[in-house]
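need the 3D shape of this:
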Amino acid sequence: MDWTRGSTIGQGSSAAVFLATSRSSGDKFAVKSAQVSQSEFLQREQKIHSVLSSRHVVSYMGHDITSENNKLMYNLLMEYVPGGTIIDAIRSRGGLVDESMIRNYTRGIVKGLDYLHSLGLVHCDIKGRNILAGEDGPKIADFGCARWAHPAVASATTIGGTPMFMAPEVARGEEQGFACDIWALGCTIIEMATGGSAPWPKAADPVTVLYQIAYSNDLPGIPSFLSEQAKHFLDKCLQRDPTERWTASQLLKHSFLGQEEEEEEEVLISSPKITKQVHESTSCSPTSILDQDIWNSFGESETSGSLDQNPSFENSSDDQRIRRLSLFSGDPRWSFDDESWITVRENDCDESNSIEDDAEGVGSEKDLDLDFLDSNNISCRINVDILGACQKSRKNSSSVGLSNPILERDRDNLLLPSISSFW
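Numbers count the residues shown, from 1 in each chain. Just a heads-up that it's a prediction; the model follows:
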């Protein structure tokens, strides 16, 4: 496809997102780009995304390599959804949403999960900001954390995701299967019902929320104004025991979602292709294409933060497991206030320089020193190598947290120094 790169939409640790236009048709689409030499994780997401075909998933449009500013760029081409995320849609209504809107969004998300799970794929990072509000219903996006559930692959992939939406078994570092997507679905419904608020609103930082999720008996608070059907649906999603959670196919039959509408049959991939894809995806998955380099140790080409790569992990203490999971970095550094990557903003700088600045400058050691985190809606990604720390043991989890000067620096943002500052 012959296309023209437009303005910058978003920027992350090792890739930048642009709006693009087809030169032949004038159609708009989104492009994630990274230098070829730094595109390992972008290529991994491409392999996963390329086998998906569902109206409940953001469409894959291809990939290519271009030469721009004397640099080779690897590009992942995807559907452009101008409606924003479902959280954008809800906030555009002042955060007020009726249950019918929640039901419609939930139905589409569950259908998307049912499709992914039928292929043996776990998304691992379901949340409102990864669901786009398409004209024909919600679409699941961002497969940077996705992993195949095939045993040969699952044992070779790291645990990742967003702390606020992690299931208890994931927070403990035990497993990350289909059931973790169902737990995250429940958290996303609460996020929608509360106008975009976090499912654990009282959590001060990711370390604290990981302890709470992993080792307490607490559950995210279910809004009292929801109907009994909605509460029952959430109850089936938010079981702390993953074996007690309903599957996506079971949830589709729940009365909360109502009568299932007739729709075209999903295009399933033939088993030989899926099998081939499973064997091609045995290395660790990053947290996101827009937050991927932070999963690599400096000077190493492969992810070194994988829990399975440390033979002592299974025998380590609960403290050590949480500590490894709680090392994190902030969300991708968007170039505008709204966190939705699909809302276009004009780029005031010269476009010929923006590509080099946005796609080349990410992933440097300088970028990894400090990250910002919204303290009221923690949505950071897990990173095993770089930032964050736990100061107390699980037995004294009430004291877990970041130092007071950090908490007092800004009510809305936590400035997280390097790990050496904590120890």
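
relative to residue 67, how far out is residue 54?
According to C-beta to C-beta, to the nearest Å, residue 54 and residue 67 sit 33 Å apart. Backbone N, C-alpha and C define where each C-beta goes, glycine included.

neighbour count: those two, which is higher?
Set residue 54 next to residue 67 and count neighbours by other C-beta atoms under 10 Å: residue 54 wins out with 20 against 9.

the more buried one and residue 112 touch, don't they?
Yes. Using C-beta atoms under 8 Å, residue 54 and residue 112 qualify as a contacting pair, with a distance of 6.4 Å.

ok, residue 50 touching residue 59?
No. Under the criterion of C-beta under 8 Å, residue 50 is not in contact with residue 59, lying 10.9 Å apart.

what ranges do the strands span in the stretch 51-200 of the chain?
Secondary structure of the stretch 51-200 of the chain by DSSP state E, counting those that start in this stretch: the strands cover 60-68, 71-79, 121-122, 131-134, 137-140, 147-148.

for those, which one sits closest to residue 41?
Distance to residue 41, taken as C-beta to C-beta, is lowest for strand 71-79 among the strands of the stretch 51-200 of the chain, at 10.3 Å.

so what touches that closest one?
For strand 71-79, the surrounding residues in contact (C-beta atoms under 8 Å, 6 or more residues apart in numbering) are 1, 3, 20, 29-37, 39, 42-43, 45-46, 49, 58-67, 139, 289, 355-356, 359-360.

equivalent analysis for stretch 243-256, please.
103, 106-107, 110-111, 113-114, 117, 178-179, 181-183, 185, 227, 229-230, 232-233, 236-239, 257, 260.

list the buried residues for that stretch?
By neighbour count on 16 or more other C-beta atoms under 10 Å, the buried set for stretch 243-256 is 245, 246, 247, 248, 251, 254, 256.

now render those as TSV, adding pLDDT.
Listed next are the buried residues of stretch 243-256 as TSV, based on pLDDT from 0 to 100:
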residue	pLDDT
245	98
246	99
247	98
248	98
251	98
254	98
256	98
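
narrow those residues to those in helices?
Secondary structure defined by DSSP state H assigns 248, 251 of the buried residues of stretch 243-256 to helices.

export the buried residues of stretch 243-256 as a markdown table, with columns for distance to residue 24.
A markdown table is the format used below for the buried residues of stretch 243-256 (distance: C-beta to C-beta, whole Å):
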| residue | distance to residue 24 |
| --- | --- |
| 245 | 47 |
| 246 | 46 |
| 247 | 43 |
| 248 | 38 |
| 251 | 42 |
| 254 | 45 |
| 256 | 45 |
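
in the stretch 51-200 of the chain, where is pLDDT below threshold?
The stretch 51-200 of the chain contains residues with pLDDT under 70 at 151-157.

that one: helices as residue ranges?
Assigned by DSSP state H, counting those that start in this stretch, the stretch 51-200 of the chain shows helices spanning 86-91, 99-118, 151-154, 168-171, 178-193.

buried residues in the second one?
Which is helix 99-118. Going by 16+ other C-beta under 10 Å, helix 99-118 has these buried residues: 99, 101-103, 105-117.

circling back: any of the contacts of strand 71-79 buried? List them.
Among the contacts of strand 71-79, those that count as buried by neighbour count (16+ other C-beta under 10 Å) are 3, 20, 29-36, 39, 42, 45-46, 49, 58-61, 63, 139, 289, 355, 359-360.

how close does residue 92 get to residue 56?
Using C-beta to C-beta, which is the criterion applied here, residue 92 is 22 Å from residue 56.

next: residue 224.
Taking C-beta to C-beta as the measure, residue 224 falls 30 Å from residue 56.

who has more neighbours, the two?
When residue 224 is set against residue 56 and neighbours are counted by other C-beta under 10 Å, the residue ahead is residue 56, at 24 against 6.

I'd like to know how many residues surround the nearest residue to residue 190 once chain neighbours are set aside.
For residue 190, the nearest residue in space outside its immediate sequence neighbours is residue 199; the separation is 4.7 Å by C-beta to C-beta, 6 or more residues apart in numbering. For residue 199, the count of nearby residues is 28 (other C-beta under 10 Å).

who touches residue 199 in this structure?
Applying C-beta under 8 Å, 6+ apart, we find residue 199 in contact with 164, 165, 186, 187, 190, 191, 220, 221.

which residue packs closest to the fourth one, ignoring adjacent ones?
The reference is to residue 187. Residue nearest to residue 187 in three dimensions, not counting chain neighbours: residue 199, with 3.9 Å by C-beta to C-beta, 6+ apart.

so how far is residue 128 from the one you found?
Relative to residue 128, and taking C-beta to C-beta, residue 199 is found at 10 Å.

shared neighbours, the two?
Between them, residue 199 and residue 128 share the contacting residues residue 191, judged by C-beta under 8 Å, 6+ apart.

give me the phi and psi for residue 3.
Listed backbone geometry of residue 3 is phi -140, psi 160, with angles given as degrees, to the nearest 10.

is it true that it touches residue 22?
Yes. Taking contacts as C-beta under 8 Å, residue 3 lies within contact range of residue 22: 5.3 Å.

residues in contact with residue 135?
Taking C-beta under 8 Å, 6+ apart as the contact definition, residue 135 lies against residue 83.

rerun at 10 Å
Contacts were defined as C-beta atoms under 10 Å, 6 or more residues apart in numbering; by that measure residue 135 touches 81, 82, 83.

out of those residues, who's nearest residue 7?
Looking across these and measuring by C-beta to C-beta, the closest to residue 7 is residue 82, at 13.6 Å.

rewinding a little: quick one: the residue nearest to residue 187 from residue 51, how far?
Distance check for residue 199 against residue 51: by C-beta to C-beta, it reads 31 Å.

residue 227 too?
Here the distance between residue 227 and residue 51 works out to 37 Å (C-beta to C-beta).

do the same with residue 124
The gap separating residue 124 from residue 51 is 17 Å, by C-beta to C-beta.

what about these two, which has more around it?
The neighbour comparison of residue 124 against residue 51 (other C-beta under 10 Å) goes to residue 124, with 27 against 18.

grab the nearest non-local neighbour of that one.
Counting by C-beta to C-beta, 6+ apart, residue 145 is the residue found nearest to residue 124 once chain neighbours are left out, at 3.9 Å.

can you check residue 134 too?
Distances taken as C-beta to C-beta, 6+ apart put residue 81 closest to residue 134, at 5.3 Å, once the chain neighbours are dropped.

and that neighbour, how many neighbours?
Around residue 81 sit 22 other residues, with neighbours defined as other C-beta under 10 Å.

check residue 71 too.
If you count neighbours by other C-beta under 10 Å, residue 71 ends up with 14.
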